[in-house]
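Peer 1: Just to be clear, the model below is a prediction. Sequence and coordinates:
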Amino acid sequence: QVQLQESGPGLVRPSETLSLTCTVSGGSISSYYWSWIRQPAGKGLEWIGRIYTSGITNYNPSLKSRVTMSVDTSKNQFSLKLRSVTAADTAVYYCARDSNPSKFDPWGQGTLVTVSS
Amino acid sequence: QSALTQPASVSGSPGQSITISCTGTSSDVGGYKYVSWYQQHPGKAPKLMIYEVSNRPSGVSNRFSGSKSGNTASLTISGLQAEDEADYYCSSYTSSSTLYAFGTGTKVTVL
């Protein structure tokens, strides 16, 4: 079955750019939407945005000015860049397949990103 | 971004049934059939339990069921088991530019 795995630095300095990649295995990345979702410690889930394999994106308006998503179908990967990070961006970041618009399934295991100097 | 409202905690004894509510508006829960529910154990990724209000993915126990009335969706867990102790989140498609809203989360405790 399809599995997702996030990768990227676990520590990012304030004002710098957070960069994560999600690798999809066990199936093709094509013809699906792929979302990023984050969860600060002890808090709820926040949808960051999504990308279709054609490159079409939708972003959460609260993060839109700082977010860029991209997809590399040849590598079965999609990526997230979040610019000008602050401590408030410290969270576990998940990638998930987005069966527009009904469900997020499956999810990656999540990766903790800490913003600190 | 407006989160959907869930009770902070719900508890029950083994074998009992519990229901978790998820209240939104006509722009999200009330306006679409695209409500889903996720179970999250500590330190783990969320797991899809219910989608499109009441559909269960293969492999999910039939003790989990979903429904909706107006702007409120509900997740019912029947025959409560120790392994059901976890956090539960609802999610809905929304007509706003946010596209998706999540619930505030409910901690289920098995007494």
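Peer 2: Structure's in. What do you need? Residues are numbered from 1 along each chain as shown, chains lettered A, B, ... in the order given.
Peer 1: any idea how far residue A:15 is from residue A:86?
Peer 2: Separation of residue A:86 from residue A:15 (CB to CB, to the nearest Å): 8 Å. Just so you know, the C-beta spots here come from the backbone N, C-alpha and C atoms, and that holds for glycine as well.
Peer 1: correct me, but residue A:66 touches residue A:84?
Peer 2: Yes - Residue A:66 lies in contact with residue A:84 (CB atoms under 8 Å); the separation is 5.7 Å.
Peer 1: pretty sure residue B:97 contacts residue A:63?
Peer 2: No - contact status for residue B:97 versus residue A:63: not in contact, 11.7 Å apart, counting by CB under 8 Å.
Peer 1: Mind checking which of these two has more residues around it?
Peer 2: Set residue B:97 next to residue A:63 and count neighbours by other CB atoms under 10 Å in any protein chain shown: residue A:63 wins out with 18 against 12.
Peer 1: ok, and the closest non-adjacent residue to the more buried one?
Peer 2: Nearest in space to residue A:63, with sequence neighbours left out and distances taken as CB to CB, 6 or more residues apart in numbering or on different chains, is residue A:48 at 5.8 Å.
Peer 1: and that neighbour, how many residues sit next to it?
Peer 2: Close neighbours of residue A:48, defined as other CB under 10 Å, add up to 23.
Peer 1: Ok, the one 4 residues further on next?
Peer 2: Other residues near residue A:52 come to 18 when the count uses other CB under 10 Å.
Peer 1: Which per-residue confidence value corresponds to it?
Peer 2: Looking at residue A:52, its pLDDT stands at 96.
Peer 1: Could you do residue B:64 as well?
Peer 2: 98.
Peer 1: wait, it sits on residue B:48?
Peer 2: No - in this structure residue B:64 lies outside contact range of residue B:48 using CB under 8 Å: 10.6 Å.
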